[in-house]
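Trainee: Starting from these lines, generate the structure:
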Amino acid sequence: MNVDYLKKISVEDPYYHGLGMIKLRVRHTQNKFYNYHFFSNKYLEQICDDVHNHLYSFKSKLVQGTAINEYYKYTPVDHETEWVLEMTDCLEGQVPEVIHENVELELIEKIQTNEGEGYHCDKDDFHRFVPVSDHVVTYSQHYTEDGHRGLFVRNKSIPFVCAFSEPKQKENCWEIIDSILKENDK
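Mentor: Numbering: from 1, shown residues only. A predicted model of the protein is given here:
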């Protein structure tokens, strides 16, 4: 896999996501699309790291690298905690909507996925994706329609940061993708 090939099959420009990745949507077949996600501890800053769900269920394969999925359960409570459950569309100037002011957060499972292996994430799962390798590349397919707005559990002591608040130029994204692929080929 190389950048020239990815440029040919891409259907949108790549973009930076604050979870520390660049997302690239590509054509798989005539009417099916997939997403590559390029994570890099070396080239990409992670500006937010909240436990979150997704708008859709998906299956993913690690093309390169190793990562851990941490799965969590939250429970609304009546006493003060360090965690809050919020929802946002992450639009400019939007303040997240508080769903539960106080929640307990419990880590229920950690699953390591290695290069060539796959995993799935249901739209109702709350998780964190933690790259173990310097660079991780995933290839993902949605298998449900968008279900709901994104929810996330945030530590109250850390201010909200929208994952799309620090965009990168598409040329810069392509350069980072190229560097990740070249370094993984070594």
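
Trainee: in the protein, what spans have low per-residue confidence?
Mentor: 29-31, 90-93, 144-148, 185-186 (pLDDT under 70).

Trainee: can you give me the helices in the protein?
Mentor: 3-9, 170-184 (DSSP state H).

Trainee: looking at these, which is buried most?
Mentor: helix 170-184 (a mean of 17; mean count of other CB atoms under 10 Å). Heads up, the C-betas are built off the backbone N, CA and C, glycines and all.

Trainee: what residues does that one touch?
Mentor: Helix 170-184 has contacts (CB atoms under 8 Å, 6 or more residues apart in numbering) with 1-3, 6-7, 13-16, 22, 24, 38, 40, 42-44, 64-65, 134-135, 137, 168.

Trainee: now do 7 Å
Mentor: 1-3, 6, 13-16, 22, 38, 40, 43-44, 64, 135, 137 (CB atoms under 7 Å, 6 or more residues apart in numbering).

Trainee: repeat for stretch 109-123
Mentor: 53-62, 64-71, 127, 144, 147.

Trainee: coming back round to it: closest one to W83 among the helices of the chain?
Mentor: W83 lies closest, by CB to CB, to one member of those: helix 170-184, at 32.1 Å.
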